[in-house]
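Novice: here is the input, now give the coordinates:
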Amino acid sequence: MKDFKLVEHNLIPLSLFALNISVVHLLYLLFIDNILSFTTLLVFSSTIVLVAGVIRKKKVLMIPGALVYTIVLLFSL
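Specialist: This is a model prediction of the structure:
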């Protein structure tokens, strides 16, 4: 039950928040910046992992997706 509470009340809102920002960031990179950059690849992969984590409700996917996107976001500033 503790794992369910962690996923439902903490990780899904965190993943949805990160997913919202990552989709906008991905669209910006695709339309404005170079499409074949390493940052675009990392943002795209973390977005896919976040989507899969939210759909399947697996903390194994949500935590790394949010962490990778947070690291990419900090280094792209």
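
Novice: going forward, measure contacts and count neighbours with C-alpha atoms only.
Specialist: OK.

Novice: the nearest residue to Ile35 once chain neighbours are set aside - how many residues pack around it?
Specialist: For Ile35, ignoring the flanking residues on the chain, the nearest one in space by Cα to Cα, 6 or more residues apart in numbering is Leu29 at 6.7 Å. Neighbour count of Leu29, defined by other Cα atoms under 10 Å: 19.

Novice: per-residue confidence at Leu30?
Specialist: For Leu30, the pLDDT comes out at 88.

Novice: how about it, phi and psi?
Specialist: phi -70, psi -40 (degrees, to the nearest 10).

Novice: what sits closest to it if chain neighbours are left out?
Specialist: Thr40 is the one closest to Leu30 (Cα to Cα, 6+ apart), at 7.4 Å.

Novice: what is the burial count for the one you found?
Specialist: So Thr40, with other Cα under 10 Å, has 20 neighbours.

Novice: same question for Ile63.
Specialist: Neighbours of Ile63 using other Cα under 10 Å come to 18.

Novice: go ahead and confirm it touches Pro13.
Specialist: No - with contact defined as Cα atoms under 8 Å, Ile63 does not count as touching Pro13 (11.7 Å).

Novice: what's near enough to touch Ser22?
Specialist: Val43, Ser46, Thr47, Tyr69 (Cα atoms under 8 Å, 6 or more residues apart in numbering).

Novice: got JSON lines for those, with secondary structure too?
Specialist: Below are the contacts of Ser22 laid out as JSON lines (DSSP: H, G, I helix; E, B strand; the rest coil):
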{"residue": "Val43", "secondary structure": "helix"}
{"residue": "Ser46", "secondary structure": "helix"}
{"residue": "Thr47", "secondary structure": "helix"}
{"residue": "Tyr69", "secondary structure": "helix"}
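
Novice: let me know how buried the closest residue to Thr70 other than its chain neighbours is, in neighbour terms.
Specialist: Closest residue to Thr70 apart from its sequence neighbours, by Cα to Cα, 6+ apart: Ala18 at 8.0 Å. Other residues within reach of Ala18, judged by other Cα under 10 Å, total 20.
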